[in-house]
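The following comprises the amino acid sequence and a computationally predicted model.
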Amino acid sequence: MISTRIARRSIAVLLTAVIALPVGAASARADGPPPASGPGESELVPGVAPGPYQPWQIDTPDQGLAPEVYTPSAEEDRVEPRDAAVGTYALVEYVPIGDAVAKVSCSKQAGPYQRGVERWLKRTVDGKQSAADCKAIRAFQKKQGIKPAIGFAGPVTWARMQFIAAKKSPNAARKCPVRSYRVACVDLDRQLTWVQKGKKVVFGPVPMRSGRGGHVTRGGWHKIYWKHKNHWSTLYNSPMPYAQFFDGGIAFHAVYGSIYTTVGSWGCVNLRLADARKLWSVLKKGDRVYVWGHRPGN
């Protein structure tokens, strides 16, 4: 007799023909472990099938080895990296594969960020999905343009809430040191980055994607030591537009894919292209970078 587990795997195989499955597992949660019945992040998939030019997961790692540093020519620097395809950075939530296949209108499953989402929405924080929870989460998702709006407390919904809460005063908790000079703040806990000079925020905050377990973005003080607008990873043959290296092979840089994946980068701070382009004009060689916290799931 075919087991339920095998049947589910069969569905997964069929679905991957149109949906790219995320790789890797993330057992820890931002607000404690979810209920045993809830799906882990490794079992989640994008709830909307990608278009031909929308790869949902792109890693551009250059952490293992520091890049070869040289002075780009004026001709090279005049070339701007290509634009990202329309829809590349769409807010597509990661949902249980069964919900994606069935195209449910309201998920009955608790998401990996259930408690955090419940707390943000001022719901009863019990880590369990209820009809009322789903309705409240769906309303938030619809307002923010998150698809599919099925009330599942996934990583995209949680990340959007972190961004909204931090928008006016990202350093309210004073975790990023205030200095008279520019400091690029990298908050791994909330997956946000910004630049401040004194108490004034001069860039951001913007959402980001930091390193995965085993390849974490290293904490502490660092310094921008090389800027390379059209950098290309020689290790993985991948573009790293507007790369600003601050710790060995770790850099701020844009990616041509979603930064809202359930799996982190290989150490770099991944940004949307427009954010990386603006950050390029804000930071200079020698500027300081401060990294703290832990990426949820690591």
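The structure has been received and is ready for your questions.

Need the residues that contact stretch 75-93.
For stretch 75-93, the external contacting residues (Cβ atoms under 8 Å, 6 or more residues apart in numbering) are 46-48, 51, 53-54, 56, 141, 144-148, 150, 152, 154-157, 160, 229-230, 239, 241-242, 254, 256-260, 272-273, 277. C-beta here means a position set from N, CA and C on the backbone, and glycine is covered the same way.

Please repeat the previous calculation with a cut-off of 6 Å.
46-48, 53-54, 145-147, 154, 156, 229-230, 241, 256, 272-273 (Cβ atoms under 6 Å, 6 or more residues apart in numbering).

Show me which parts of that stretch are buried, residue by residue.
Residues of stretch 75-93 classed as buried: 81, 84, 88-93 (neighbour count, 16 or more other Cβ atoms under 10 Å).

still on that earlier bit, of the contacts of stretch 75-93, which is the nearest to Ala110?
Gly154 (10.7 Å; Cβ to Cβ).

about what we covered before: TSV please, covering the buried residues of stretch 75-93 and showing secondary structure, pLDDT and distance to Trp221.
Output for those, formatted as TSV (DSSP: H, G, I helix; E, B strand; the rest coil; pLDDT from 0 to 100; distance: Cβ to Cβ, whole Å):
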residue	secondary structure	pLDDT	distance to Trp221
Pro81	coil	95	28
Ala84	coil	94	31
Thr88	coil	92	32
Tyr89	coil	93	30
Ala90	coil	93	35
Leu91	coil	95	33
Val92	strand	94	35
Glu93	coil	95	35
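
Go through stretch 102-110 and flag the buried ones.
Here stretch 102-110 shows 104, 106-107, 109-110 as buried, counting by 16+ other Cβ under 10 Å.

Stretch 232-240 too?
So stretch 232-240, judged by 16+ other Cβ under 10 Å, has buried residues 233, 238-240.

Mind checking which of those residues land in helices?
Assignment to helices by DSSP state H places none of these there.

which among these gets closest to Gln191?
Taking these together and measuring to Gln191 by Cβ to Cβ, the closest member is Met240, at 18.9 Å.

would Ala100 count as being in a helix?
Yes. Counting by DSSP: H, G, I helix; E, B strand; the rest coil, Ala100 is found in a helix.

tell me the mean pLDDT for stretch 209-218?
Across stretch 209-218, pLDDT averages out at 89.

which residues touch that stretch?
Contacts for stretch 209-218 (Cβ under 6 Å, 6+ apart): 63, 188, 247, 259, 263-267, 269-270, 291, 295, 298.

In helices, which of the residues you listed fall?
Using DSSP H, none of the contacts of stretch 209-218 sit in helices.

Low-confidence ranges, this structure, go.
Scanning the chain for pLDDT under 70 picks out 1-42, 45, 49-64, 236, 298.
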